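>>> Below is the structure, and that's it, no one-letter string:
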């Protein structure tokens with residue numbers, strides 16, 4: 001019971017319309033219930049940052065799981081990286097101080113820190129481990145990350161059933177490799193979360209298995225964790241799991257938003273089908289198999305029906 005609008009944005013849109021995100025495309029997205037976005041190329045910042053900021057999609061949600069028969073560092077990884085999605089260096093506030101020096105500004109506010117912390121603790125309350133670690137660099141960025149750390153700690157007092165700890169980002173990067181099973185929810189700032197989520201996916205086996213959600217109070221944008229792979233474009237060998245699992249996230253979010261148990265059930269069927277593929281060693285080239293993008297996708301669809 002879905003109606004789809006297929007829209008053009010990113011590099012291809014620049015070549016056609018002269019804009020990465022034409023106004024008419026943004027208008028259609030705003031009027032939809034959710035958006036599933038593929039990689040758009042070198043102009044990604046002109047697409048996804050516009051969507052995140054203009055629609056106030058403040059929570060970037062990156063689930064990281066172990067999947068069967070992948071060469072991860074553990075078979076028991078099940079964590080979520082939740083990062084603040086509207087501030088930090090990704091605001092793009094940069095200017096030339098002189099001909100050889102650029103100044104980049106980083107914003108951290110109590111409001112944004114509080115609502116992402118509340119989002120993370122509420123998410124943790126629905127999971128088994130009930131653990132949140134706030135990741136920052138407050139020992140160096142004493143004012144900005146200091147504010148973030150204090151706010152996370154303050155919010156934690158409202159969730160006494162959840163174990164709350166803190167880590168510096170360099171220690172977290174190390175521990176994700178050393179003890180990835182220890183983590184449940186990693187709560188962090190925008191740029192740190194961007195880097196840690198790619199690392200965590202590779203620790204689990206492949207960034208090609210990573211979904212991502214950009215979620216606000218009233219809208220959700222879902223996309224693969226990876227970017228565009230120009231070196232394999234048109235070769236029919238890309239792993240479609242990331243965008244398939246992003247559609248799973250979208251269905252879960254819509255199901256929760258609309259109290260639609262059917263959407264949540266269908267979401268789990270997507271992941272179950274991908275797990276069955278990997279249990280049977282039916283894989284794309286990037287994860288050690290020989291299936292093409294289309295073959296893998298069609299096989300997933302067959303398993304769902």
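Yes, it's here. These numbers were taken from a predicted model, which means no experiment stands behind them.

>>> so how far is the worst-scoring helix or strand of the chain on mean pLDDT off the chain centroid?
The helix or strand of the chain with the poorest confidence is helix 44; it has a mean of 85 (mean pLDDT, DSSP states H and E). Mean-position distance between helix 44 and its chain equals 14 Å (C-alpha atoms, centre = their mean, to the nearest Å).

>>> how about the following helix or strand past that helix: buried residues?
Per DSSP states H and E, the first helix or strand lying C-terminal to helix 44 is helix 50-54. The neighbour-count check on helix 50-54 (16 or more other C-beta atoms under 10 Å) flags 51, 52, 53 as buried. Glycine gets a C-beta too; all of them are placed from N, C-alpha and C.

>>> which residues does the spatially most central residue of the chain contact?
Geometric centre of the chain, nearest residue: residue 212, 2.7 Å, by C-alpha atoms, centre = their mean. Counting by C-beta atoms under 8 Å, 6 or more residues apart in numbering, residue 212 makes contact with 60, 61, 62, 197, 222, 223, 224, 225, 246, 249.

>>> Assess the claim that residue 10 and residue 45 are in contact.
No - between residue 10 and residue 45 there is no contact under C-beta atoms under 8 Å: 10.2 Å.

>>> who's more crowded, the two?
residue 10 (21 against 12; other C-beta atoms under 10 Å).

>>> so residue 173 is in which element?
helix 169-178.

>>> helix or strand right after that helix?
Once the chain leaves helix 169-178, the next helix or strand it forms, by DSSP H and E, is strand 185-188.

>>> Buried ones in the next helix or strand after that next one, by neighbour count?
Per DSSP H and E, the first helix or strand lying C-terminal to strand 185-188 is helix 190-204. By neighbour count on 16+ other C-beta under 10 Å, the buried set for helix 190-204 is 190-194, 196-204.

>>> And the contacts of helix 190-204?
The contact list for helix 190-204 (C-beta under 8 Å, 6+ apart) reads 60, 62, 64-67, 70, 72-74, 77, 79, 81-90, 135-137, 169, 172-173, 176-177, 180, 186, 188, 207, 209-210, 212, 225.

>>> hang on, the earlier thing: is the residue nearest to the centre of the chain in a helix, a strand, or coil?
Following DSSP: H, G, I helix; E, B strand; the rest coil, we place residue 212 in the strand state.

>>> is it in a bridge, and if so with what?
residue 223 (DSSP bridges).

>>> Look up how far residue 225 lies from it.
Distance of residue 212 to residue 225, given as C-beta to C-beta, to the nearest Å: 5 Å.

>>> Over to residue 165?
In terms of C-beta to C-beta, residue 165 sits 25 Å off from residue 225.

>>> More neighbours: these two, which one.
Applying other C-beta under 10 Å to residue 165 and residue 225 shows that residue 225 carries more neighbours, namely 25 against 10.

>>> ok so, going back, which of the contacts of residue 212 has the most neighbours?
Counting neighbours by other C-beta under 10 Å, residue 197 leads the contacts of residue 212 with 27 neighbours.

>>> circling back to that earlier point, I'd like to know which elements the least confident helix or strand of the chain is packed against.
Identification of packing neighbours for helix 44 by 3 or more C-beta pairs under 8 Å, 6 or more residues apart in numbering; DSSP states H and E yields no helix or strand.

>>> can you pull the contacts of residue 51?
Per C-beta under 8 Å, 6+ apart, neighbours of residue 51: 21, 26, 29, 35, 37, 57, 214, 221.

>>> What is the neighbour count of residue 120?
When neighbours are defined as other C-beta under 10 Å, residue 120 has 29 of them.

>>> Next, the buried residues of the host helix or strand of it.
Secondary structure from DSSP H and E places residue 120 in helix 110-124. Of all the residues in helix 110-124, those buried under the rule 16+ other C-beta under 10 Å are 112, 113, 115, 116, 117, 118, 119, 120, 121, 123, 124.
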